[in-house]
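Turn this into a structure:
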Amino acid sequence: MPYASWSTVAMPVKLYDYLAAGLPFITSLMGELQELMRRCDVGLSYRAEDAGSLADAIESIANDEGRRKAMAANARRCARQFERDEQYSRFADIVERVARDERR
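Just a heads-up that it's a prediction; the model follows:
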């Protein structure tokens, strides 16, 4: 997921497809996506607009089959938190909690 250093994208929609498909990714995005990447161990980052940094990340993931497979399995596990049923359940929990608090 290559983005310019000035990009305002935080969590690109294609990320969820990649995770669900068990695809580790390489990105130049920082912030929330970096945190997810670290927490779930699902990809690598590189410095935006730095071709050498991108090439290093590609070589790193291409040359380490074990790590690539581990990241793929992690991606499938990580994707579960974004599934529709999981998201609806979490949202319903929030609405119910707010409704209970309002009644008090």
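
contacts and neighbour counts: CA atoms only from here.
OK.

Where do the helices of the chain begin and end?
Applying DSSP state H to the chain gives helices spanning 14-20, 32-40, 51-62, 65-79, 84-103.

could the ones you listed be laid out in CSV, adding mean neighbour count?
Output for these, formatted as CSV (neighbours: other Cα atoms under 10 Å):
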stretch, mean neighbour count
helix 14-20, 17
helix 32-40, 15
helix 51-62, 14
helix 65-79, 18
helix 84-103, 11
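
shaky segments in this protein?
Where the chain drops to pLDDT under 70, the residues are 104.

swap the cut-off to 80 and go again
83-87, 89-90, 102-104 (pLDDT under 80).

picking up where we left off before, let me know which of the helices of the chain is the nearest to A4.
Closest to A4 of these is helix 51-62 (Cα to Cα; 11.8 Å).

who touches Y46 in this structure?
I26, T27, S28, S53, L54, A57 (Cα atoms under 8 Å, 6 or more residues apart in numbering).

Going by distance to V9, which of those wins?
Using Cα to Cα, the contacts of Y46 come closest to V9 at S28, 10.6 Å.
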